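Engineer: Structure here, sequence nowhere to be found:
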């Protein structure tokens, strides 16, 4: 019951944040460019333009216009893209699977490598391998993603010819979702972009897991676990790692949200037909409704991932006091 | 042969180019079911001595010399897995702060059952039964329900009871308690101390009690060892040491107790402070703080001498006036 109360509260907070994001999004739309210029040609006279503005409600007070925008947004209508002549949300939704699958690929790579490496570096901080990992991770943080991406294309696609260099490859329809997960071609196309995207976050995660775990290993309860005569595996992977996980979940969730939103660089290098790539095109074409829709969708992704992270954190950590509860 | 014999134990902490020595040739022993107190100010090496028994020194501390004989093996040279099977099984520990000793994300039950499973080939259910019976022994109300509780749901006193129950799980022959009541409320301190005393007596468990609380030592232990600057300066039957301390340092400690003072008068204290590990004075390490020190005290480290098991490392025990306590016996 406490948990339900907490969950409802947290979701209401998320709705509030979305409200603010929509306000910002609308303000941009309201002040950026003139929709009429995009809609009508040079030949339309100023009186006609004024009449059109009145008819479209562009002369209404700010709050009235915002209310209308919000009402439409809640119903899933964020306006029509000027370029595609289709609802902006629909355009973004069509590109969303590509981005999500890229992020899932990168996340899987991060989880499979960052956790064992981070834990190893914490347990054996003085070994040469741990020192090598730490040194390498500094390089990883410093090299920008477009460089990693271009080098990996050069090595694996151009020189070795092992991997495709652009696009998603063959996709198949999975309950209306264009997925690259089900075909070999789709999976092969996913490898290089996923590695490039993972390469920015991986060093951060290794370092985060290592430093958190090293701190935890100094705690009294770890010393007590040793004093109980537990096997090292249990001390490291249950007693220490479970406590390490709490801060990692918090940072990790936010970072995955960030990845989902800012796949722009990776997508443009690999010509990956995802949301980020779409956004760059929209900016080039001054496709305002599409830009706004992108901002709102990305904001929504952030808010949703953060909310989920908070809910999971509370669920994993028994000591979090739920406000209003007596646990 | 005693249950535990520590001979000539030296512990050092290599820090960069410097190496700090924390213990200098410490000797002591513990008989089966005996209760030994180790007292001294902070930094005298009493905790280091206790932690080195189970090789649980904080990094980079290490045993550089000496032997720790226990049940036929030398703990100072034991390999990791054999050492693991002694820890929490034959010798268990109780730490200072019960708020920090239990893992916050694991239930009490998990933290008890895992200890049994690490040392015995036992089913989960059987381990659970033993755990519940031990929780009963330390007088935790409704132990079945507590098994599923997390540490933060228990008070400090309750948590220390759980820690004691964990220490007793495998029926060890020695419990090492490092200031087990320092972090607790005064009212709870006595309860926990009485409980520990009873449990040790009933199960004939040996106890090594590290504390700076002489009142607790006089109530609980049979023998006491006073440490100063990494050495044992006095040891003997608790009653003898408290009533007739031979070493000026021990006298200072007893004189510093509030009950040794008349109300309203200044509290007695030992002048000066503990030397740092890298600046221990030559000769008797206590000489700069001692009222009776002379040239002799600077020359050599005095040996631990005395009769009827009550020994002290002071050259001038004959010259020091008889000890007069404000009270006949120290009590809480």
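Structural biologist: Looks like it arrived, so ask away. Computed from a predicted model, the values in this text were never measured in an experiment.
Engineer: what number of residues lie near residue B:29?
Structural biologist: By the other Cβ atoms under 10 Å in any protein chain shown criterion, the neighbourhood of residue B:29 contains 15 residues. C-betas here are computed from N, CA, C, even on glycine.
Engineer: same question for the host helix or strand of it, mean pLDDT?
Structural biologist: Using DSSP states H and E, the secondary-structure element containing residue B:29 is strand B:18-30. Per-residue pLDDT values over strand B:18-30 give a mean of 91.
Engineer: Pull the distance from that strand to the chain's centre.
Structural biologist: What separates the centre of strand B:18-30 from the centre of its chain is 14 Å, taken as Cα atoms, centre = their mean, to the nearest Å.
Engineer: Same question for stretch B:187-196.
Structural biologist: With Cα atoms, centre = their mean, you get 16 Å for stretch B:187-196.
Engineer: where does the chain have low pLDDT?
Structural biologist: Using chain A here. For chain A, the stretches with pLDDT under 70 are A:1, A:32-41, A:174-176, A:182, A:261-262, A:320-327.
Engineer: Can you look at chain B instead?
Structural biologist: With pLDDT under 70 as the threshold, chain B has low-confidence stretches at B:325-332.
Engineer: would you list every one of the strands in it?
Structural biologist: For chain B, the strands identified by DSSP state E occupy B:4-15, B:18-30, B:35-39, B:62-70, B:73-74, B:91-94, B:174-178, B:206-211, B:223-228, B:231-237, B:305-307, B:310-312, in order along the chain.
Engineer: could you dump those strands to a markdown table with distance to chain A?
Structural biologist: Written out in a markdown table, the entries for the strands of chain B read as follows (distance: least, Cβ to the nearest Cβ, whole Å):
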| stretch | distance to chain A |
| --- | --- |
| strand B:4-15 | 13 |
| strand B:18-30 | 17 |
| strand B:35-39 | 17 |
| strand B:62-70 | 14 |
| strand B:73-74 | 15 |
| strand B:91-94 | 4 |
| strand B:174-178 | 9 |
| strand B:206-211 | 13 |
| strand B:223-228 | 21 |
| strand B:231-237 | 24 |
| strand B:305-307 | 34 |
| strand B:310-312 | 31 |
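Engineer: residues in contact with residue A:215?
Structural biologist: Under the criterion of Cβ atoms under 8 Å, 6 or more residues apart in numbering or on different chains, residue A:215 has no contact partners.
Engineer: gap between the helix or strand containing it and the chain center?
Structural biologist: Secondary-structure assignment from DSSP H and E places residue A:215 in helix A:184-217. Using Cα atoms, centre = their mean, the distance from the centre of helix A:184-217 to the centre of the chain it belongs to is 14 Å.
Engineer: Equivalent analysis for stretch A:5-17, please.
Structural biologist: For stretch A:5-17, the distance between its averaged C-alpha position and the chain's averaged C-alpha position is 20 Å (Cα atoms, centre = their mean).
Engineer: mind listing what's buried in it?
Structural biologist: Residues of stretch A:5-17 classed as buried under the neighbour-count rule (16 or more other Cβ atoms under 10 Å in any protein chain shown) are A:6, A:7, A:14.
Engineer: which SS class is the second one?
Structural biologist: Secondary structure, DSSP: H, G, I helix; E, B strand; the rest coil: residue A:7 is helix.
Engineer: what's it in contact with, if anything?
Structural biologist: Contacts of residue A:7 were listed using Cβ under 8 Å, 6+ apart, and they are residue A:311.
Engineer: please redo it, this time with the cut-off set to 10 Å
Structural biologist: Contact analysis of residue A:7 by Cβ atoms under 10 Å, 6 or more residues apart in numbering or on different chains lists A:307, A:310, A:311, A:314, A:315, A:322.
Engineer: Closest one of these to chain B?
Structural biologist: For chain B, the closest of those turns out to be residue A:315, at 11.7 Å, with distances computed as Cβ to the nearest Cβ.
Engineer: which stretch of helix or strand covers that closest one?
Structural biologist: Counting by DSSP H and E, the element that carries residue A:315 is helix A:288-316.
Engineer: I'd like to know which elements that helix is packed against.
Structural biologist: Helices and strands touching helix A:288-316, as assessed by 3 or more Cβ pairs under 10 Å, 6 or more residues apart in numbering or on different chains; DSSP states H and E, comprise helix A:2-31, helix A:35-39, helix A:62-74, helix A:88-123, helix A:241-261, helix A:275-284.
Engineer: what's the closest of those helices to residue A:80?
Structural biologist: Distances from residue A:80 to each of the helices and strands packed on helix A:288-316 were compared using Cβ to Cβ; the minimum, 6.4 Å, belongs to helix A:88-123.
Engineer: orientation of the closest one relative to helix A:275-284 in degrees?
Structural biologist: Here helix A:88-123 points in a direction 130 degrees away from that of helix A:275-284 (axes from the mean of the first three to the mean of the last three Cα atoms, to 10 degrees).
Engineer: what about residue B:249, distance to residue A:144?
Structural biologist: Distance check for residue B:249 against residue A:144: by Cβ to Cβ, to the nearest Å, it reads 64 Å.
Engineer: Among the two, which residue is more densely surrounded?
Structural biologist: Neighbour count, other Cβ under 10 Å: between residue B:249 and residue A:144, residue B:249 has more, with 27 against 12.
Engineer: I'd guessed the more buried one sits against residue B:271; true?
Structural biologist: No: in this structure residue B:249 lies outside contact range of residue B:271 using Cβ atoms under 10 Å: 11.8 Å.
Engineer: Show me the common contact partners of these two, please.
Structural biologist: Residues touching both residue B:249 and residue B:271 (Cβ under 10 Å, 6+ apart) are B:289, B:290.
Engineer: Give the full set of residues in contact with residue 206.
Structural biologist: Using chain A here. For residue A:206, the residues meeting the contact criterion (Cβ under 10 Å, 6+ apart) are A:110, A:113-122, A:133-134, A:136-137, A:140-141.
Engineer: Switch to chain B, please.
Structural biologist: Under the criterion of Cβ under 10 Å, 6+ apart, the contact list for residue B:206 reads B:2-4, B:30-36, B:91, B:172-176, B:200.
Engineer: before we move on, what about residue A:169?
Structural biologist: Neighbour list for residue A:169: A:180, A:183, A:184, A:185, A:186, A:187, A:188, A:189, A:190 [criterion: Cβ under 10 Å, 6+ apart].
Engineer: Apart from its neighbours in sequence, what residue is nearest it?
Structural biologist: Distances taken as Cβ to Cβ, 6 or more residues apart in numbering or on different chains put residue A:189 closest to residue A:169, at 3.5 Å, once the chain neighbours are dropped.
Engineer: now do residue A:224
Structural biologist: In space, and not counting its chain neighbours, residue A:224 is closest to residue B:101: 4.8 Å by Cβ to Cβ, 6+ apart.
Engineer: If the closest residue to residue B:205 other than its chain neighbours is in a bridge, with which residues?
Structural biologist: Taking Cβ to Cβ, 6+ apart as the measure, residue B:205 lies nearest to residue B:175, with 5.6 Å between them; neighbours along the chain are not counted. With beta bridges defined as DSSP bridges, residue B:175 has these partners: residue B:92, residue B:207.
Engineer: now the helices for chain B?
Structural biologist: Assigned by DSSP state H, the helices in chain B fall at B:46-53, B:80-86, B:98-101, B:108-119, B:124-137, B:143-146, B:156-168, B:186-202, B:214-220, B:238-243, B:248-255, B:295-299.
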